[in-house]
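**Student:** My questions concern the predicted model and sequence given below.
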Amino acid sequence: MDTVGQEKYNALNENFYKQANCCLLVYDITNKESFNKIKNYYVNKIKENCKSIVKVLLLGNKTDLNDKREVSDKDGHDLALKNNYIFMESSCKNNYNVSDAFTALVEMTNLDCTKEKNKNISLNQNKEGNNDDRCC
């Protein structure tokens, strides 16, 4: 769910966090406030509400405006490293790393879901009627 950081949706967001297998956190590299909102608010919300196995991709956007950069790639990388997130930068305008970011997040989520599903199959192989093909 994309709530664009609107506070009126905060109560709804917690329900979505609990069901999430992955999160995409996007900030504007030309806007330090957008990075700080992620660092000081969303990182904590994810820790408080998501499953421990949730995959998170931290994505700094607008690399096409590098001359107006307020958030260094080191800052983004450090935040990702500290929280065990994946980090990338992108430019939607130039189509740089946009598909790669989504592909990386989906592949990591699918890999974990496949591992979880295989674990459940081996634990539940003797139970009849277990046709649950959902992952995670």
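**Tutor:** Ah, there it is. In this text the structure is predicted, and so the values were computed from the model without any measurement.
**Student:** how about the strands in this structure?
**Tutor:** Chain-ordered strands for the chain, with DSSP state E as the definition, fall at 22-28, 55-61, 86-90.
**Student:** quick check: angle from the shortest one to strand 22-28?
**Tutor:** This points to strand 86-90. 40 degrees (axes from the mean of the first three to the mean of the last three C-alpha atoms, to 10 degrees).
**Student:** Buried residues, stretch 31-39. List them.
**Tutor:** For stretch 31-39, the buried set under the neighbour-count rule, 16 or more other C-beta atoms under 10 Å, comprises 31, 34-35, 38-39. Yep, even glycine has a C-beta here, placed from its N, CA and C like the rest.
**Student:** And residue 97, how far from residue 53?
**Tutor:** Using C-beta to C-beta, to the nearest Å, residue 97 is found at 24 Å from residue 53.
**Student:** Looking at the two, which has the bigger crowd around it?
**Tutor:** When residue 97 and residue 53 are compared on other C-beta atoms under 10 Å, the one with more neighbours turns out to be residue 97, at 19 against 13.
**Student:** wait, that one sits on residue 88?
**Tutor:** Yes: using C-beta atoms under 8 Å, residue 97 is in contact with residue 88, at 5.4 Å.
**Student:** Identify the farthest-apart pair in the buried residues of stretch 31-39.
**Tutor:** With C-beta to C-beta as the measure, no two of the buried residues of stretch 31-39 lie farther apart than 31 and 39, at 12.8 Å.
**Student:** Count the residues that sit near residue 90.
**Tutor:** Other residues near residue 90 come to 22 when the count uses other C-beta under 10 Å.
**Student:** Please apply the same query to residue 106.
**Tutor:** For residue 106, which is what you asked about, the neighbour count (other C-beta under 10 Å) is 14.
**Student:** so what's it up against?
**Tutor:** When the contact criterion is C-beta atoms under 8 Å, 6 or more residues apart in numbering, the partners of residue 106 are residue 22.
**Student:** Show the pLDDT at it.
**Tutor:** According to the prediction, residue 106 has pLDDT 90.
**Student:** who's in contact with residue 24?
**Tutor:** The neighbourhood of residue 24, defined by C-beta under 8 Å, 6+ apart, consists of 56-57, 59, 101-102, 105.
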